[in-house]
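Asker: Model the following, please.
(2 chains)
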Amino acid sequence: MLRDEPTLTPLAGCTDLYVALNFGTLKDTRFLDLWRLDRLRKIELRGGALSIGALATFTDLIRSTLVRKRLPMLAAAARDVGGVQIQNRGTIGGNVANASPAGDTLPVLAAADAVVVLQQAGGIRRVPFDGFYTGYRQTVRRPGELIVGIEIPPVRGRQFFRKVGTRAAQAISKIVMAGILGPATGSGRTARIALGSVAPTVVRVPRTEAALASGASIEAVQRTLMEEIAPIDDLRSTAEYRRRVAANLLARFVCGASRG
Amino acid sequence: MRFTLNGKRARLDVHPMKRLLDVLREDCGFTGTKEGCGEGECGACTILIEGMPVNSCLVPAAHADGARVTTIEGLDGRHPLQRAFVDHGGAQCGICTPGMIMAAVALGRKPTLEQIRVGLAGNLCRCTGYSAIYRSIRRAR
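Answerer: The predicted structure is shown next:
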């Protein structure tokens, strides 16, 4: 169907789509309903990677022993999405496709070097998460392609996830951060860090990661992070607040994690 | 669409993208389910699909096809939670109440305070300050 009419808008849990429909900001009138494609709801190990079907709901992620064991920060992120009603309907594929810079699971997937699996009538291609977003609400997904799954290679190191919003549930994040703290290398620590709500897309912060690996002081790494991100003032928060909180979360991530 | 609504089979001819909330209120005449925000923030429109709470303002009618749907009317006014909300001041203006009760029904019997807090995190009340709601749920039997 998508091959014959590539402009069809895919829908599944509808938790983002109906907000836009109800408020008249989405003008699309023709949709492709994926909700009942149970084949795309599986969470399994495949070739060493954690393979999550695009239709896995946040509730599925929270309940999955595989996710809790292999990628607990993803279960933590899923718990912070909306309330139970949203978790029962919202899907990881939808979170990725919606391409909001504030998407709760996106920093987790970015930090974990996830791969987005895209399928069209002609075949499958895999896009590293780092290259999936090209700008605000823009992705490399082509018309006629569907996000069918997410693959996450094995993660070594301590995982961290924290969302800061007006309240724990429902609120869209002011800032959201995920990190994986690897083993010490020389004097520094290897780390993979990603943030949401601080730039037009979810971002990795390679300069901050390099500063951590070089063994710089936590204060110096915090300064690097505050320069590296590009938050804005908007209705949820201010750029200044977001920079400060990002630095605080970084300290909590690095110092808290190194204690254990 | 065909579905089971509050234990009875229903058959309707509606647009597949019509909000389930509107189908219930307009086509089925079950106005107990309320619309609050219309964007999945407030939980006033909470119903159960296959026993799981969802915001009916964000569900297309097509997704209820073949499913078991329960609204506040399905509790027949006799559910212990309904009695407890009355007895313990869990309802004031009442707009959030059906959604609160449906979310609470999904928690099963004797939920802990933490389970109630998490289970009702997606339901907003502007009257009671939540304490009375939590108390109502804890004392329901």
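Asker: Now do the residue of chain B found nearest chain A, the pLDDT please.
Answerer: Closest contact between chain B and chain A, by CB to the nearest CB, is at B:Gly122 (1.7 Å). C-beta: built from backbone N, CA, C; applies to glycine. On pLDDT, B:Gly122 comes in at 96.
Asker: which residues touch it?
Answerer: Each residue near B:Gly122 by CB atoms under 8 Å, 6 or more residues apart in numbering or on different chains is listed here: A:Gly82, A:Gly83, A:Val84, A:Gln85, A:Ile86, A:Ala169, A:Gln170, B:Gly43, B:Thr46, B:Pro53, B:Asn55, B:Ala103.
Asker: Skipping its backbone neighbours, what lies nearest it in space?
Answerer: Take B:Gly122 and drop its neighbours on the chain: the residue closest to it by CB to CB, 6 or more residues apart in numbering or on different chains is A:Gly83, 1.7 Å away.
Asker: I'd say that neighbour and B:Val54 touch.
Answerer: No - between A:Gly83 and B:Val54 there is no contact under CB atoms under 8 Å: 10.5 Å.
Asker: Helices of the stretch 51-200 of chain A, residue ranges please.
Answerer: In the stretch 51-200 of chain A, the helices defined using DSSP state H, counting those that start in this stretch lie at A:58-63, A:65-70, A:72-79, A:84-87, A:92-98, A:106-111.
Asker: Please convert those to TSV, extending it with distance to A:Asp16 and mean neighbour count.
Answerer: Output for the helices of the stretch 51-200 of chain A, formatted as TSV (distance: least, CB to CB, whole Å; neighbours: other CB atoms under 10 Å in any protein chain shown):
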stretch	distance to A:Asp16	mean neighbour count
helix A:58-63	13	21
helix A:65-70	21	15
helix A:72-79	15	23
helix A:84-87	10	28
helix A:92-98	5	25
helix A:106-111	13	29
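Asker: So for B:Arg126, which of these sits nearest?
Answerer: Closest to B:Arg126 of these is helix A:84-87 (CB to CB; 18.1 Å).
Asker: counting contacts, what elements does the closest one pack onto?
Answerer: helix A:58-63, strand B:52-55 (3 or more CB pairs under 8 Å, 6 or more residues apart in numbering or on different chains; DSSP states H and E).
Asker: give the contact list for residue 34.
Answerer: Just so you know, I chose chain A. A:Pro10, A:Leu11, A:Ala12, A:Leu40, A:Ala54, A:Leu55, A:Leu146.
Asker: not quite, I wanted chain B
Answerer: By CB under 8 Å, 6+ apart, the neighbours of B:Lys34 are B:Ala44, B:Cys45, B:Ile95, B:Cys96, B:Pro98, B:Gly99.
Asker: how does it look with 7 Å?
Answerer: By CB atoms under 7 Å, 6 or more residues apart in numbering or on different chains, the contact set of B:Lys34 is B:Ala44, B:Cys45, B:Ile95, B:Pro98, B:Gly99.
Asker: Now it: closest residue in space, sequence neighbours ignored.
Answerer: Once flanking residues are discounted, B:Lys34 sits nearest to B:Ala44: 4.4 Å by CB to CB, 6+ apart.
Asker: neighbours of that neighbour, just the number please.
Answerer: Counted by other CB atoms under 10 Å in any protein chain shown, the residues lying close to B:Ala44 total 24.
Asker: That one belongs to a helix, doesn't it?
Answerer: No - counting by DSSP: H, G, I helix; E, B strand; the rest coil, B:Ala44 falls outside a helix, being coil.
Asker: so what are the domain limits for chain B?
Answerer: Here the domain parsing of chain B from automatic domain parsing is B:2-74, B:76-139.
Asker: what about stretch A:138-152, start to end distance?
Answerer: End-to-end distance of stretch A:138-152 (CA to CA, to the nearest Å): 22 Å.
Asker: Just the buried positions in that stretch, please.
Answerer: Residues A:Thr139, A:Arg141, A:Gly144, A:Glu145, A:Leu146, A:Ile147, A:Val148, A:Gly149, A:Ile150, A:Glu151, A:Ile152 are the ones in stretch A:138-152 that count as buried (16 or more other CB atoms under 10 Å in any protein chain shown).
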